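Chemist: no sequence for this one, just the structure:
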């Protein structure tokens with residue numbers, strides 16, 4: 001009986017996160033369709049990625065200059 005409860009609990013937790021992810025993704029897609037803009041968290045991620053690439057490029061250039 002304990003393993004049945006444990007398995008059920010694990011399945012419910014996994015199901016919760018899958019449904020939560022699907023709803024969040026659907027809301028983001030609808031927001032893009034309605035406004036034509038990216039959601040804030042996607043924009044934040046893209047900004048962080050651009051900063052990382054910028055710093056990586058400049059760090060590589062500075063390393064070459066020091067040699």
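Modeler: Received the coordinates, thanks. Please read all numbers here as calculations on a predicted model, not as lab measurements.

Chemist: Tell me which stretches of this protein form helices.
Modeler: For the chain, the helices defined by DSSP state H cover 2-35, 40-66.

Chemist: Dump those to a markdown table, plus mean pLDDT and mean neighbour count.
Modeler: Glycine gets a C-beta too; all of them are placed from N, C-alpha and C. Converted to a markdown table, the helices of the chain look like this (pLDDT from 0 to 100; neighbours: other Cβ atoms under 10 Å):
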| stretch | mean pLDDT | mean neighbour count |
| --- | --- | --- |
| helix 2-35 | 90 | 10 |
| helix 40-66 | 75 | 10 |
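
Chemist: neighbouring contacts of stretch 29-46?
Modeler: residue 28 (Cβ atoms under 8 Å, 6 or more residues apart in numbering).

Chemist: How far off centre is it?
Modeler: Relative to its chain's centre, stretch 29-46 lies at 12 Å (Cα atoms, centre = their mean, to the nearest Å).

Chemist: Much appreciated, bye for now.
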